[in-house]
Structures are given as C-alpha cells and as structure tokens.
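[1] for reference, the sequence and a predicted model appear below.
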Amino acid sequence: MRPKAGKIKLNLSDPVINLITGPALLALPIALILILVLQFDFPVYKASISEFYKRTDEIKRTSYADINSDGINERIETFNYKTNAAAIVYTLSGNLYESYNLKGYWYSNPEYQLADIDRNSISEMYSITITSDDSVFVNQTEFNQRSNDKRSKFVSSISRHNGERDCVIESLGFSDINGDRIPEYIFSISAGFTLQPRAVYAWDLAKDSLYRSPFAGVSIKYNHSIPTYDLDNDGIQELFLHTTSTDNYHSQVAFSDTGSYAFILTKDLNFFIDPVLMAGPSSHTSTYPWITKEDTLILSLAWDRRLNVNFLNTILLDPDGTILDTSSIQANSYTYSFFINDKIHLMYNEDRKNHAGFISEELDFEEKRESDLKLGGSRYLNLDQDPALEIISVDPDKGLFVIFEENFKNVTTCEFPHQILSFKDVSLVSTDGSGARIHIQSDQYSYYIEYIKSKFTYLRFPFYFALYGAIYLVLYFLQRIFLFRNRRRKLTEERMLNLQLQSAMNQLNPHFTFNALNTIGDSVLEGRSEEAYEYFTKLAALIRISMTNAFQLDKTLEEELSFVHQYLEIEKLRFKEKLQFTIELDPSINKALKIPKMLLHIFVENAMKHGIFHKDEGGNIEIKLKKEKRWISIEIIDDGIGREAAGSLGTMKGKGLQILDNYLRLYRKSHGAEISYTMEDRNPGAKYPGTLVCIKIYDS
C-alpha cells in the first residue's frame with residue numbers, strides 16, 4: 001500500500017538512511033565521552049615575561065599593594081640602610097609616595113603584613129625587626145602622607161648559636177584573639193638550636209600590649225595564611241598553625257622539635273588543646289578545621305620526610321584532641337596545602353609527577369590534576385577579579401612559572417630565562433577584566449609577567465564540532481565500506497545479515513547505551529573520575545567489538561563468552577551489588593568452535609532485563625558450559641521473577657527470540673549447524689522462580 005498523499009514516510013532500516021543517521025547518532029555519545037573523560041584543556045590565559053632585571057644587594061624585597069584604597073597598587077621597597085630597616089613606597093608611575101626608617105633592621109627576608117586596622121582607608125605596615133643587641137621589635141608604620149606615625153614595641157631577646165643569631169621570624173597575619181573585634185597582628189619567633197623564645201605573639205594595638213603563647217619547643221612556620229575557625233562557639237576564632245620538626249637540640253622540653261604537632265591556639269594565644277604529636281623527626285604538620293554537615297573536627301596533614309618513610313598522613317581528631325581516623329598518601333615531597341571555602345587543597349610530588357586535588361570527606365586524596373611538573377613553593381592570588389583564586393608555583397627543574405585555578409584547571413606556564421629555585425615574593429602589580437601584571441622576586445632577579453586571556457580559549461567549541469565531525473566521517477566511511485561489501489553477498493546472507501543487524505541493535509540497544517552514558521556522566525560530576533574512566537573503558541571496548549564484528553555472521557565460542565562477560569561487567573558497575581554472575585567452562589570444550597553471533601548474549605540480556613532488573617533484591621546469573629559427547633550444553637540460569645511475571649509486566653514480548661529463531665533457521669540452512677534451545681521456569685510457584693535456558697550445539 002502506498003502512503004497517503006502529502007506525507008513522507010522514512011524507512012529507518014533503509015541502507016541509505018542508516019548510512020547518514022547511524023554514524024551521526026553514534027558519533028555524538030563517543031564525542032561526549034571523550035570530552036568528559038579526557039577533559040581537553042584549552043588555555044584560557046597565556047603568560048609571558050615582559051621585563052626583568054638583576055636585583056641589587058641593597059633592595060631585599062619588592063612588593064605591590066594598594067596602600068590608599070584608590071584601586072591602583074603602589075610599589076614597596078624594603079631594605080636595610082646602615083643600622084635601620086627602611087621602607088620606601090612609590091606610585092605605579094615611579095614617583096615617591098612615602099618613606100620610613102624603622103627601629104632595628106630586617107633579619108633575613110623582610111617580614112611584614114599590610115592591613116587597615118584603624119579603618120581610615122590607608123594601610124599600615126606591621127613588621128618585625130631586630131636590633132644590634134639581639135632585641136626583637138614589632139613595628140607599626142602608617143602609610144599616610146599627612147602624618148609620620150610610627151610605633152614600636154619590644155618583643156623578646158634572641159639567643160645565639162656558635163656566635164650567630166639563632167632565630168626564625170615569621171609574619172603570620174591578623175586575627176581577633178581577645179574578642180574586642182579589633183584584629184591583632186600575629187607573628188612567631190622560632191629557633192634552630194636554641195630554646196628561646198619559640199613562641200607565637202599577638203600585638204594588641206588597642207591596648208599596646210603583647211600576648212604570648214605557652215612555650216613549645218617545636219618551630220612554628222608560615223603556611224601562606226592562618227586558617228581560623230571558632231571550634232567551641234565562644235566568639236573567638238581559633239588559629240590553626242603549621243609546625244616543623246628539625247631535631248636540632250636534645251633537651252627535654254615540652255613539645256620538643258623531635259616531632260611535629262597539631263597546633264591550635266585560642267583566646268589570648270592559649271592552647272586550645274595540648275599540641276598532639278603527628279610525626280617524628282624531620283617532619284611537617286599543617287592543621288586545619290574539618291567542617292562536615294554533622295560536626296566540626298580537626299584535620300592534620302603530617303609529612304614524614306625521613307629516609308624510606310616518605311608519606312603524607314591525613315589524621316582526623318575531635319575537638320578534644322583524640323585521634324579518630326588516619327590514612328596515608330605516598331609522597332616524595334609535601335609541596336603545598338591551603339584552606340579556602342572550607343576545603344583543603346593539596347599538591348604533592350611522587351614518581352616525578354605532580355598530583356593536585358582535595359582531601360575528600362573519606363580522608364582520601366581526590367585527584368583533580370596530574371602532570372609531569374615538579375612544583376616547589378606556591379602562593380595564591382586573585383588575578384582575574386572573579387571569586388576563585390589562582391595558585392602560583394614554580395617548577396625549578398623545567399624553569400617554568402606555573403599558574404592554575406583554584407580547582408586545578410586551566411594550567412598556564414611561562415619559561416624563565418634564568419635558573420630559579422623558588423621565589424621570595426609574589427604580588428599583583430595591576431589587574432583588570434582581561435588579565436593581570438604580576439611581580440615575581442627570586443634571590444637574584446625580579447620579573448614582571450603579563451597574564452592575559454588567550455584567544456585559543458574561544459576555539460574549544462569549534463574543536464568540539466571538529467571532533468564530532470571527524471568521528472562522524474570515520475564512522476560514515478567505515479559503514480559505507482561495510483555496506484558495499486554487504487551488497488555483494490547472497491540474498492540469504494543478506495536476509496540473515498539484516499536479522500543479525502536487528503539483533504545487534506537489540507544486543508546493544510539505546511537504553512543500555514544511554515543508561516551507561518548517564519552513569520558515566522554522574523560519576524564525572526561527582527568527582528569519581530577513576531570509576532568513570534573504568535566504566536568508559538569497558539563501554540568503549542564493548543562498542544568497539546560491536547562495530548568490528550557488526551557484519552560477521554558468527555563468532556568463536558570464546559569471543560561470544562568474552563563479549564557476554566564484558567556486558568555483565570558493565571551491568572554490574574551500573575547496578576552495584578544487585579547483580580552477581582559466574583561463568584563456568586569445561587576445559588575440554590573447543591573454544592574455537594564457531595557459533596551464531598549473539599547466541600548467548602540475547603538470553604543473558606533477557607535474564608538481566610526481564611528477570612533480575614525487576615527484583616527488589618540482588619540477583620544472580622550463572623552460565624555453565626559442559627561437554628556431552630558430541631554436544632556442547634550451555635545453561636543460562638537466573639533467579640529473576642520468571643517468565644510469567646515478566647509477561648504480566650509487559651516487558652517480555654519475545655521479539656528478540658523471534659529474530660533469533662529466524663536467524664538460527666537461516667544459519668542452519670547456510671552452514672548446516674545443528675543448534676536448539678529450551679526455556680523453562682526453574683522453581684515454579686516460588687517468589688522468584690527464575691529461568692533456565694538450555695542451548696545444545698552439535699560439535700563434530
């Protein structure tokens with residue numbers, strides 16, 4: 001019967017239609033999987049050195065900051081002038097803004113922080129200096145052109161070792177540790193071989209008084225910022241600090257440097273809990289608040305760097321200091337960790353690779369990026385005026401300056417013209433919506449780096465379309481070749497091929513494919529990249545086998561069993577514990593025996609789709625192959641809902657079995673092979689009667 005006038009009827013089984021729609025439909029999921037799993041990285045920014053110069057011994061540190069809140073950063077030069085520390089501020093155009101001399105001089109790298117504590121829109125410099133008589137002073141300098149306000153306060157005297165000053169001074173930042181809503185300036189003084197002063201200090205500017213933490217033999221180090229959190233809800237933010245063990249002295253003191261500790265200070269710099277030992281000699285420990293939906297706990301990252309003990313421990317404690325759980329990561333070096341948006345970011349080097357990611361709720365390392373970079377010290381700044389920060393690091397082996405986003409994506413690199421091991425200072429010179437200008441200071445050189453948006457980032461969508469087009473063309477020409485070969489076959493083989501193609505569509509039907517893709521997508525979105533990759537690999541292998549054998553009429557028994565095994569593995573990944581399966585093969589069976597393609601798979605798929613899927617509990621599928629004289633007996637057994645229940649649900653229509661019956665009839669006519677099968681309920685009357693399929697294949 002002809003179609004009615006005015007209507008167009010498309011026969012999707014027509015080879016010409018399939019030649020167009022088949023590759024188009026199959027190319028889309030393949031392209032999506034490649035994009036999701038491989039995560040093609042298009043450079044959003046590019047970085048290049050615009051200028052550099054060799055530093056003089058006079059200038060110890062150069063940094064940039066917006067001193068007067070006008071949106072334009074000033075340049076701050078700090079150096080020692082005769083017996084005094086000096087600070088000179090220049091405008092961005094190079095004009096003198098202000099200059100100061102401080103009491104004492106800078107010891108090693110100038111330690112200072114900038115903040116507008118008095119809220120007059122002009123920043124003050126809070127710094128630490130040392131005088132010739134080994135006295136340490138904390139200083140406040142008001143960068144106000146209309147005044148020359150300076151304040152200094154004696155902190156402590158330091159000791160000497162072998163005639164040399166033995167101290168490490170760290171400027172830590174600001175926090176309100178006494179509840180007066182005015183931040184105090186926090187800093188620490190540690191030592192290498194001597195015991196004093198080894199403490200954390202806070203300068204109360206309102207009262208012009210100092211708080212000091214209890215003595216602890218361990219050294220307190222600056223770790224990019226001070227994580228703070230009110231653990232006991234008393235209105236005071238606790239300070240979570242970084243400790244390092246040098247094992248330089250051997251006196252019996254509290255919390256000695258023979259180990260590193262979980263170190264938390266609370267109101268007036270008292271211990272929140274007594275420091276808890278996390279690792280032994282030559283170790284580092286960083287401690288952070290661990291915020292969950294149910295509670296707030298404490299998490300320490302302890303890196304033990306002793307010979308043959310290179311690992312990073314993640315140690316969970318309750319607010320009383322009791323250890324609740326631990327896990328370990330093998331790491332050659334503990335590179336960098338920081339706490340932002342209630343998340344602990346971590347980078348470490350292992351096997352000449354840099355691994356970057358987060359600490360998961362299960363205390364595992366959730367990797368987001370792996371590269372052949374070997375990164376050293378890091379900083380973070382906001383370079384593009386969005387809410388996320390950028391992480392700035394250096395690979396001294398490759399001589400690369402590296403920038404990537406807070407989520408460890410969009411990696412940008414820039415090659416240095418000189419050997420650089422680390423940097424003393426990283427600061428933002430200027431920024432706008434299109435990029436930033438960054439100042440990097442190493443031991444010998446200063447560099448200015450332009451960080452701007454790359455034009456290549458806009459090529460990602462054309463690339464995606466090109467990827468889809470390339471996959472489509474490959475599939476199109478493959479299918480065209482197969483169709484050309486197919487037209488040359490006999491009429492009977494052509495009918496058999498059409499039935500086989502229908503069965504192949506049943507075998508790897510769209511519901512199965514898209515369910516698998518949805519599961520992969522969920523795994524990627526939830527950060528389970530390894531699970532997504534495993535699922536994708538198995539699905540890709542199954543698709544590859546289907547395409548490779550799409551126009552073959554038969555397979556070896558071994559190939560069919562392998563295909564069925566991979567299909568069940570994918571279903572097991574999807575349904576987790578709901579599916580168990582076994583395959584038992586008599587060793588005497590000839591695995592090279594040719595059998596009709598998908599002979600076993602169609603019964604296994606029926607057992608899964610019509611039997612196991614509708615159970616409220618887990619199910620099992622058993623495949624047993626036995627040798628019986630000149631026959632091979634194959635039993636496919638499931639404990640599903642049974643044929644009668646499946647029929648009442650309307651799920652078992654028998655279309656696949658009808659195709660199989662026709663196919664076996666034609667295959668028998670073409671090849672003379674004797675194959676038969678029976679189906680019956682295993683346990684009639686039971687809640688889950690299951691189904692037993694018995695296939696008999698004549699093996700001459």
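    Nice, thanks for sending it over.
[2] contact partners of stretch 572-590?
    By C-beta atoms under 8 Å, 6 or more residues apart in numbering, the surrounding residues in contact with stretch 572-590 are 515-516, 519, 531, 534-535, 538, 557, 561, 564-565, 568, 571, 591, 608, 612, 615, 617-627, 632, 699. Every residue, glycine included, has its C-beta placed from N, CA and C.
[3] of those, which belong to strands?
    Secondary structure of the contacts of stretch 572-590 is defined by DSSP state E; positions in strands are G619, N620, I621, E622, I623, K624, L625, K626, K627, I632.
[4] okay, buried residues for stretch 73-85 please.
    Counting neighbours by 16 or more other C-beta atoms under 10 Å, one finds that the buried residues in stretch 73-85 are N73, E74, R75, I76, E77, T78, F79, N80, A85.
[5] with stretch 101-110 instead?
    Going by 16+ other C-beta under 10 Å, stretch 101-110 has these buried residues: L102, K103, G104, Y105, W106, Y107, P110.
[6] could you give the bridge partners of the fourth one?
    Read that as Y105. Beta-bridge partners recorded for Y105 (DSSP bridges): I130.
[7] that one against T129, yeah?
    Yes. Counting by C-beta atoms under 8 Å, Y105 sits close enough to T129 to count as a contact (5.9 Å).
[8] re earlier: quick one: which of the buried residues of stretch 101-110 is nearest to E51?
    P110 (23.0 Å; C-beta to C-beta).
[9] now do the same for the nearest residue to the closest one once chain neighbours are set aside: helix, strand or coil?
    Computed as C-beta to C-beta, 6 or more residues apart in numbering, the closest residue to P110 that is not its neighbour in sequence is T78, at 4.2 Å. Secondary structure for T78, judged by DSSP: H, G, I helix; E, B strand; the rest coil, is strand.
[10] contacting residues for T78?
    I59, K60, R61, T62, S63, A85, A86, A87, I88, W106, P110, Y112.
[11] mark which of the contacts of stretch 572-590 are buried, thanks.
    Here, 16+ other C-beta under 10 Å leaves 516, 519, 531, 534-535, 538, 557, 561, 564, 568, 571, 608, 612, 615, 619, 621-623, 625, 632, 699 buried among these.
[12] which ones among these map onto helices?
    Taking DSSP state H, the ones among the buried ones among the contacts of stretch 572-590 that sit in helices are A516, T519, E531, E534, Y535, K538, L557, L561, V564, L568, E571.
[13] among those residues, which has the minimum pLDDT value?
    Lowest pLDDT of these: A516, 74.
[14] separation between that residue and L32?
    Noted for A516: a distance of 12 Å to L32, by C-beta to C-beta, to the nearest Å.
[15] residues of whichever strand or helix holds K555 that come out buried?
    For K555, the enclosing helix or strand under DSSP states H and E is strand 554-556. Neighbour-count burial for strand 554-556, counted by 16+ other C-beta under 10 Å, picks out D554, K555.
[16] so in that sheet, which strands flank it, and in what orientation?
    Counting by DSSP bridges, strand 554-556 is paired with strand 594-596 (antiparallel).
[17] can you give me how far the partner strand is from the chain middle?
    Taking C-alpha atoms, centre = their mean, to the nearest Å, one finds the center of strand 594-596 at 46 Å from the center of the full chain.
[18] list the contacts of the residue most central in space within the chain.
    Nearest to the geometric centre of the chain sits K368, at 1.8 Å (C-alpha atoms, centre = their mean). Residues in contact with K368 (C-beta under 8 Å, 6+ apart) are A356, G357, F358, N407, F408, K409.
[19] burial count for the fourth one?
    Summarising burial for N407: neighbours were counted as other C-beta atoms under 10 Å, giving 16.
[20] helix/strand/coil for it?
    From three-state DSSP, the assignment for N407 is coil.
[21] can you pull the contacts of it?
    Contacts for N407 were tallied using C-beta under 8 Å, 6+ apart; they are K368, A388.
[22] quick one: it and S378, what's the gap?
    For N407, the distance to S378 - C-beta to C-beta - is 15 Å.
[23] ditto for the first one
    A356 sits 10 Å away from S378, taking C-beta to C-beta as the criterion.
[24] between these two, which has more neighbouring residues?
    Using other C-beta under 10 Å as the criterion, A356 and S378 rank with A356 on top: 25 against 20.
[25] residues of the helix or strand hosting that one that come out buried?
    Secondary structure assigned from DSSP H and E places A356 in strand 353-359. Judged by neighbour count (16+ other C-beta under 10 Å), strand 353-359 contains these buried residues: N354, H355, A356, G357, F358, I359.
[26] partners of it, with directions?
    With DSSP bridges as the test, strand 353-359 pairs up with strand 343-350 (antiparallel), strand 365-371 (antiparallel).
[27] residue ranges with poor pLDDT in the stretch 201-350 of the chain?
    307-309, 334-335 (pLDDT under 70).
[28] hang on, the earlier thing: could I get the strands paired with strand 353-359 in JSON lines, plus columns for distance to T228?
    Shown next, in JSON lines, are the strands paired with strand 353-359 (distance: least, C-beta to C-beta, whole Å):
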{"stretch": "strand 343-350", "distance to T228": "14"}
{"stretch": "strand 365-371", "distance to T228": "24"}
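[29] looking at those strands, which is buried most?
    strand 343-350 (a mean of 20; mean count of other C-beta atoms under 10 Å).
[30] with just CA atoms, put that one into CSV.
    The C-alpha coordinates for strand 343-350 follow below in CSV (Å, rounded to 0.1, in the frame of the first residue of the first chain):
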residue,chain,number,x,y,z
LYS,A,343,38.1,22.8,51.6
ILE,A,344,41.7,21.6,52.0
HIS,A,345,43.6,21.8,48.7
LEU,A,346,46.7,19.7,48.4
MET,A,347,49.6,19.3,46.0
TYR,A,348,52.4,16.8,46.3
ASN,A,349,55.2,15.2,44.1
GLU,A,350,55.5,11.5,43.6
